[in-house]
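Visitor: okay, sequence plus prediction incoming.
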Amino acid sequence: MGMVEEREGRRWKAMETNAAMVAGSHRRNEFVMIRYEGESESKHSKNQNGQICQICGDTIGLAETGDVFVACNECAFPVCRPCYEYERKEGNKCCPQCKTRYKRHKGSPRVEGDDEEDDVDDLNNEFTNGKGTYPWLSQSRGEDVDLSSLSRHESYHRIPRLTSGQQVSGEMPDATPDNQSIRSQSGPLGSIEKRGPSHIDPSLPVPVRIVDPSKDLNLYGLGSVDWKERVEGWKLKQDKNIMHVPSRYTEGKGDIEGTGSNGEDLQLIDEARQPLSHIVPIPSNQLNLYRLVIICRLIILCFFFQYRITHPVSDAYPLWLTSVICEVWFALSWLLDQFPKWSPINRETYLDRLALRYDRDGEPSQLAPIDVFVSTVDPLKEPPLITANTVLSILAVDYPVDKVSCYVSDDGSAMLTFEALSETAEFAKKWVPFCKKHSIEPRAPEFYFSQKIDYLKDKIQPSFVKERRAMKREYEEFKVRINALVAKAQKTPEEGWTMQDGTPWPGNNPRDHPGMIQVFLGHNGGLDIDGNELPRLVYVSREKRPGFQHHKKAGAMNALIRVSAVLTNGAYLLNVDCDHYFNNSKALREAMCFMMDPALGKKTCYVQFPQRFDGIDVHDRYANRNIVFFDINLKGLDGIQGPVYVGTGCCFNRQALYGYDPVLTEADLEPNIVIRSCCGSRKKGKGMNKSYIDKKRAFKRTESTLPIFNTEDIDDGVEGYEEERSLLMSQKKLEKRFGQSPIFIASTFMEQGGIPASTNPASLLQEAIHVISCGYEDKTEWGKEIGWIYGSVTEDILTGFKMHARGWISIYCMPPRPAFKGSAPINLSDRLNQVLRWALGSIEILLSRHCPIWYGYSGRLKLLERIAYINTIVYPITSIPLIAYCVLPAICLLTGKFIIPEISNYAGMWFILLFASIFATGILELKWSGVGIEDWWRNEQFWVIGGTSAHLFAVFQGLLKVLAGIDTNFTVTSKASDDEGDFAELYVFKWTSLLIPPTTVLVINLVGIVAGVSYAINSGYQSWGPLFGKLFFAFWVIVHLYPFLKGLLGRQNRTPTIVIVWSILLASIFSLLWVRVDPFTSSSQKAAAIGQCGINC
């Protein structure tokens, strides 16, 4: 493990913290290093020159050879000779930074634990073992070459070893001097490099568990179908001579299934077979009753429509026909929404098992490396302080620091974001150790210090109060510095911004600037105040030039995929919006319980967390929390093929984003129900079909998780190459798929993450600039089959849909403590514009080739999952029948007509049963999901508010954009507000045309109620009976629009004049036209009326 860390350190020397910001353009053949003078410059320089001891502060001095004394040969942490001798004799004998045991240097007395080697210095024999020198260390240590292994965490996915050194099937075998696996071939991937063995401490004891032979071996994870598949895979590798590990247990039957093995093997196998997560089913009494009510509601709907269609209203036929069409669409919309919730499930994770398997105390962590993406555009709309809190919560996450890298995408190339991130990196050196020392939650300082709780609860360290007060003062000073930067950025200088060294800021023109990368924190570059390493923090601003399509957020995320693959290449990616901070420091571990699970990991494309929000009023007037969607709909999808991707708080498998297929079982490869119904079952010809499935599975595995070739099956690059030659892609095909970057293409082969061995560290930053150039994606599959998919402003739906269509599954993870929290617009206008953008994206998908109605039937998308995707793109169309249905009550009140004939007892029964089934379905959903009735009611209200405003505009705007190429934007203009308080933003009014339709509906229904009541008063008591039905529907509309009405009135009951004028004008025009047309009076009736009355009437 020490050698891996050393190679990591060399790879990151090219990207030392604060050394320089790099900017350039691949198309223009430009590459510039811009010196950034940060506050930590002097301290960092001291660390680099190695002349000052980091323990006592004295000069380090020289060794006997005349060179600068180096205490630790792993990380070269600056320590003087006296401190080194004291640490070896009286201390813990380890390097303070990398925790590697100190080697004995020439002239140093031996201490207990030193290797007993007569007349040989450990320093000179450091890389030599009994079998000779490792061949991969043949180059001189002084050369600037890359000695990084294929994957710096190449063994993180391994199952714990057997005591004999033999791996369980499915584990990638260690390379030894006699048996090394080829990690790259000459050609598109560069020269052949071999991988060295990972460090294993044989002195660590392995606990022994005695197995009761009278019990079923299935209890110990043996004999199951999955285990037998792994055994077969292990035997296949034995036949191919891939694993040359002799077994010490040759007595007995010698069966790998455990009959001839001892208790140690079974104990470790048992431990490896423990699941990292568990499905918690909904109680059967609740779920069965819920399904029964759904079926009953479907039956009642059939009888209801039978009555409605067979009983037209002759004197109000247009109203009746309109109402029936609307009701049919509502029923169809309900079916699309309801049936994907047929099999809801809950999940729970076992973090202790994850730590026991991959992160044991005293051993190198085998957890997977993760790259975290934070996206931001305009710092004036997305406050830098909020982004800084998000970044700080990432840097302080409870995960090995060498396995976490944070990438911040600045798509607006704002110097304000850059400087704020620099300040954040400095403050993180104090904040991160404070969080980890006291285990505080959440680890975003703004939200931690604003908590109104007893912060002394469960805190037993006497220094906590003092340190918390000091840290709060530090954070207040940090806020002052950030706010000063924001105030300075309000007015841009005419000549543009300049950096501290006088260099013009490369991103002064946000639409025409080179790509920029700055590594703020990294290996050996940014240590916290305790001297510990911090996670990597990288600033990225992709190149933008006029004439290129940049694809907004989706393009920025794809740029982050490539630049992270070049620099760190974590096996998994997690993206969050700049305003979504880590509320749970163990969120990454929660995701790894699924991603690193042997059963789920190979076919899971992403783990989606629910969105939770801060700063929303208690009553959640405009359903900003979306509780019904996150706690009901997504739970239902989790029982099918997984939740849809919602754009943030999602952990991805990098291989899935590269467009590869998952590793599926025979059951997964069965065709979906649509193909089975058309083509029949595969039960006939079992032998032939099984052979076909096995071949298909092998091909898909090679095509997906191990692209081009299976590195485990290649022996010295000769025999394996011959066997896998038919699956090798040409370099030209790879470049057409991934782009013309050999380093990035090589990184895509690393299923377990890490940087390819043939990579030159000096070229990493230059290659990173290359992959974020504006023309890199030209004539490639980026945005079409790879990465975030282009074609819609809601790129999240398209991206998740493409993965599910390839057969991947997704997981919905809801830990007890919410993983992420963010902010949401709480005033009416901003909320409607947010919903408008979502609905517009759905319409764009509906009118594109990726529409779930007709796309992907040759794939492995499950039927109910497809129905859910169809529902996510057609729901805006519901706005058309909805607004018509909301206007019908007013028309009935104004004309005296009704959409239903006189109701008999038989018809009344179906109406009552229909309303009862609707309420019963809602109540049972609340029961199994745990959602409150107030949240459910707010969701129903906003369904009407959004349907009569934002969804309606999205339909017409989408049609204009897709069919006519007209891009209409509905802008929001802020209006000053004097309100102050915790939810002052709730009462801020911002004019937008989205407010006109629902206001008009409200005014028309209020006018209709007044007209209907006045008519009943003048006509006598006999007219009150028919009036009640009309009033019921009118009040139904008004009650649903009540939050909208409150939003118009504001805190002080003030309605903007322009809204009143527009609404009254539209209502008056509609009423006058209605009176003029008079559609319910026939021409004969009009003539009779004129004849009876006469001309002088």
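Guide: Thanks, I have the structure now.
Visitor: please enumerate the strands of the stretch 901-1050 of the chain.
Guide: Secondary structure of the stretch 901-1050 of the chain by DSSP state E, counting those that start in this stretch: the strands cover 973-974, 990-991.
Visitor: contact partners for the nearest residue to residue 794 once chain neighbours are set aside?
Guide: The spatially closest residue to residue 794, leaving aside those adjacent along the chain, is residue 841, at 2.7 Å (Cβ to Cβ, 6 or more residues apart in numbering). For every residue, glycine as well, the C-beta is placed using N, CA and C. By Cβ atoms under 8 Å, 6 or more residues apart in numbering, the residues touching residue 841 are 792, 793, 794, 795, 797.
Visitor: any idea which element residue 850 lies in?
Guide: For residue 850, there is no host helix or strand (DSSP states H and E).
Visitor: gap between it and residue 873?
Guide: Using Cβ to Cβ, to the nearest Å, residue 850 is found at 9 Å from residue 873.
Visitor: next one: residue 533
Guide: In this view, residue 533 and residue 873 are 46 Å apart by Cβ to Cβ.
Visitor: compare those two (neighbour count), which wins?
Guide: Taking other Cβ atoms under 10 Å, residue 533 and residue 873 do not tie; residue 873 has more neighbours (26 against 20).
Visitor: sort out which residues of the strand or helix carrying the more buried one are buried, please.
Guide: For residue 873, the host element (DSSP H and E) is helix 863-874. Using 16 or more other Cβ atoms under 10 Å as the test for burial, helix 863-874 gives 864, 865, 866, 867, 868, 869, 870, 871, 872, 873, 874.
Visitor: residue ranges in the stretch 851-1000 of the chain under the pLDDT threshold?
Guide: For the stretch 851-1000 of the chain, applying pLDDT under 70 flags the ranges 903, 967-990.
Visitor: break down it into its helices, ranges please.
Guide: Applying DSSP state H, counting those that start in this stretch to the stretch 851-1000 of the chain gives helices spanning 863-874, 879-895, 905-929, 933-947, 950-963, 996-1019.
Visitor: what packs against the fourth one?
Guide: Read that as helix 933-947. Judged by 3 or more Cβ pairs under 8 Å, 6 or more residues apart in numbering; DSSP states H and E, helix 933-947 is in contact with helix 627-628, helix 828-846, helix 879-895, helix 905-929, helix 1024-1040, helix 1042-1049.
Visitor: nearest to residue 347, out of those helices?
Guide: helix 905-929 (14.0 Å; Cβ to Cβ).
Visitor: picking up where we left off before, save the helices and strands packed on helix 933-947 as a markdown table, and put in distance to residue 60 too.
Guide: Converted to a markdown table, the helices and strands packed on helix 933-947 look like this (distance: least, Cβ to Cβ, whole Å):
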| stretch | distance to residue 60 |
| --- | --- |
| helix 627-628 | 60 |
| helix 828-846 | 58 |
| helix 879-895 | 72 |
| helix 905-929 | 63 |
| helix 1024-1040 | 75 |
| helix 1042-1049 | 67 |
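Visitor: outline the domain layout of this protein.
Guide: The record's domain parsing of the chain by the TED database lists 52-111, 284-341+858-977+994-1077, 351-664+740-824.
Visitor: including distance to residue 731, could those go into TSV?
Guide: Shown next, in TSV, are these (distance: least, Cβ to Cβ, whole Å):
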stretch	distance to residue 731
domain 52-111	37
domain 284-341+858-977+994-1077	28
domain 351-664+740-824	8
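Visitor: now the angle from the helix holding residue 873 to helix 828-846?
Guide: Computed by axes from the mean of the first three to the mean of the last three Cα atoms, to 10 degrees, the angle separating helix 863-874 from helix 828-846 equals 120 degrees.
Visitor: what sits against residue 485?
Guide: Taking Cβ under 8 Å, 6+ apart as the test, what residue 485 contacts is 384, 416, 419, 420, 423.
Visitor: show me what contacts the last one?
Guide: In this case it means residue 423. Residue 423 makes contact with 388, 478, 481, 482, 485, according to Cβ under 8 Å, 6+ apart.
Visitor: now with 6 Å, please.
Guide: The contact partners of residue 423, by Cβ atoms under 6 Å, 6 or more residues apart in numbering, come to residue 481.
Visitor: still on that earlier bit, helices - which of the contacts of residue 485 land there?
Guide: 384, 416, 419, 420, 423 (DSSP state H).
Visitor: can I get the helices of the stretch 851-1000 of the chain in a markdown table including distance to residue 376?
Guide: Below are the helices of the stretch 851-1000 of the chain laid out as a markdown table (distance: least, Cβ to Cβ, whole Å):
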| stretch | distance to residue 376 |
| --- | --- |
| helix 863-874 | 26 |
| helix 879-895 | 32 |
| helix 905-929 | 33 |
| helix 933-947 | 27 |
| helix 950-963 | 25 |
| helix 996-1019 | 32 |
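Visitor: does residue 565 touch residue 747 like I think?
Guide: Yes: shown here, residue 565 and residue 747 form a contact pair, counting by Cβ atoms under 6 Å, at 4.3 Å.
Visitor: and residue 376, its phi and psi?
Guide: Main-chain dihedrals, residue 376, degrees, to the nearest 10: phi -150, psi 160.
Visitor: does it touch residue 577 like I think?
Guide: No: counting by Cβ under 6 Å, residue 376 sits too far from residue 577 to count as a contact (8.2 Å).
Visitor: all helices for the stretch 351-500 of the chain, in order.
Guide: Under DSSP H, counting those that start in this stretch, the stretch 351-500 of the chain gives helices at 351-358, 384-395, 415-438, 445-449, 464-488.
Visitor: no, scratch that, I was asking about the stretch 601-750 of the chain
Guide: 627-628, 634-638, 654-657, 673-679, 686-703, 719-724, 731-738, 742-747.
Visitor: of these, which shows the lowest average pLDDT?
Guide: Per-segment mean pLDDT for those reaches its minimum on helix 686-703, at a mean of 42.
Visitor: turn the helices of the stretch 351-500 of the chain into TSV, including distance to residue 654 and mean pLDDT.
Guide: Converted to TSV, the helices of the stretch 351-500 of the chain look like this (distance: least, Cβ to Cβ, whole Å; pLDDT from 0 to 100):
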stretch	distance to residue 654	mean pLDDT
helix 351-358	18	89
helix 384-395	18	94
helix 415-438	24	92
helix 445-449	30	92
helix 464-488	33	91
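Visitor: among the ones you listed, which is nearest residue 893?
Guide: Nearest to residue 893, of the helices of the stretch 351-500 of the chain and by Cβ to Cβ, is helix 384-395 at 48.5 Å.
Visitor: now tell me what touches the closest one from outside.
Guide: By Cβ under 6 Å, 6+ apart, helix 384-395 touches 372, 374, 376, 406, 420, 424, 428, 431-432, 443-444, 446, 482, 535, 578-579, 581-582.
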